[in-house]
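S.K.: Here is my input; please provide its structure:
(chains A and B)
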Amino acid sequence: MKVTLISIPVRDQEKALKFYTEKLGFIIKKDMPLEGGNRWLTLVSSEWQDGPELLLEPGPNHFEPCKIYQDALMEAGMPYTQFDVKSVDAEFGRLTELGVEFSVKPSTMGTWKYAVFNDTCGNNIQIVETL
Amino acid sequence: MTLYEKEINRINGLIYSNQEQIETVIGVRSYIDHNFDKDLNLDLLSRFRFVSKYHLLRLFKKYYGLTPRQYLIDKRVEKSKEHLKNGLSVTETCFSVGFESLGSFSTLFKTKTGKSPTQFQKEQLSRSKLGSEL
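M.R.: Here you go, the predicted structure:
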């Protein structure tokens, strides 16, 4: 067995695609039509194209518990998932310029530096740098 | 303040209260990052931070979740991927990232990446060639 995919629930796949590619810098790996206008839409990191794919899944629109869980995480400020970056400060600067909103500015916790932003698709996302 | 921030602050106070230990492990990790191509061992690392080697081993594992040796190997494999992508030969790559035997390098590389260094390099090079042709 291999781990090749992680999924992120999004309310609007097209909007998510724009945010994750244009702001965060991911690139499209797969885009296949499914029923009802839904897509199997996956992205990869541009600097690690062999790495795991990120599935932007429209779960919250089709399965109420998914929406409730997503809303509860958002409300609590909890990240849905996290991405590794070389420099949290540099990414914070770059993303802030692009209009991305951070709920947690770059902070240090022991051997980690982290920050949390809103992906505009219903999730808080954390970026992390190992010190 | 969100619930998440409150929780993070609470946990931070509990598990990251020993600043001296944190500085020690950050220093050792950074030393490995800058010297992964040299002959590193626990004795050397512990002398460098003035702590006993077993203490250092425990500390590193406590804060990073893996031993300095495992971290060093991951670092070397990650660097060797870069070298192979850039067209360095398998032998050159092996020695330039600090491995001492070609055999153990190949075995480790395959365990960590699922491919032998030669296979990995072939795929990378044919991929970049394909990319420029299509």
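S.K.: Just the buried residues of stretch A:33-51, please?
M.R.: Applying a neighbour-count criterion of 16 or more other C-beta atoms under 10 Å in any protein chain shown, one finds A:39, A:41-45 buried in stretch A:33-51. Quick note: C-beta positions are derived from backbone N, CA and C, even for glycine.
S.K.: OK, now which residue of chain A is nearest to chain B?
M.R.: residue A:77 (2.6 Å; C-beta to the nearest C-beta).
S.K.: Not counting residues beside it along the chain, what's closest to that residue?
M.R.: Nearest residue to residue A:77, sequence neighbours excluded (C-beta to C-beta, 6 or more residues apart in numbering or on different chains): residue B:2, at 2.6 Å.
S.K.: That neighbour and residue A:103 touch, don't they?
M.R.: Yes - counting by C-beta atoms under 8 Å, residue B:2 touches residue A:103, with 6.6 Å between them.
S.K.: Next, show the common contact partners of those two.
M.R.: Common contacts of residue B:2 and residue A:103 (C-beta atoms under 8 Å, 6 or more residues apart in numbering or on different chains): residue A:77.
S.K.: hmm, back to that, which ones among the buried residues of stretch A:33-51 map onto helices?
M.R.: Cross-referencing the buried residues of stretch A:33-51 against helices under DSSP state H gives no overlap.
S.K.: I'd like the average pLDDT over stretch B:127-134.
M.R.: The average pLDDT within stretch B:127-134 is 67.
S.K.: Residue B:81 reaches residue B:120, doesn't it?
M.R.: Yes - between residue B:81 and residue B:120 there is a contact under C-beta under 8 Å: 7.0 Å.
S.K.: Overlap of the contact sets of the two?
M.R.: What both residue B:81 and residue B:120 touch, as defined by C-beta under 8 Å, 6+ apart, is the set residue B:113.
S.K.: What's the local residue count around residue 54?
M.R.: By default, I'm working from chain A. Residues lying near residue A:54 (other C-beta atoms under 10 Å in any protein chain shown) number 22.
S.K.: Sorry, I should have been clearer: chain B.
M.R.: Applying other C-beta under 10 Å, we find 10 residues neighbouring residue B:54.
S.K.: do the same with residue B:97
M.R.: For residue B:97, the neighbour count with other C-beta under 10 Å is 22.
S.K.: Also the one 3 residues further on?
M.R.: Using other C-beta under 10 Å, residue B:100 has 9 neighbouring residues.
S.K.: That one is in what secondary structure piece?
M.R.: Counting by DSSP states H and E, no helix or strand carries residue B:100.
S.K.: who touches it in this structure?
M.R.: With contact taken as C-beta under 8 Å, 6+ apart, residue B:100 is in contact with residue B:39.
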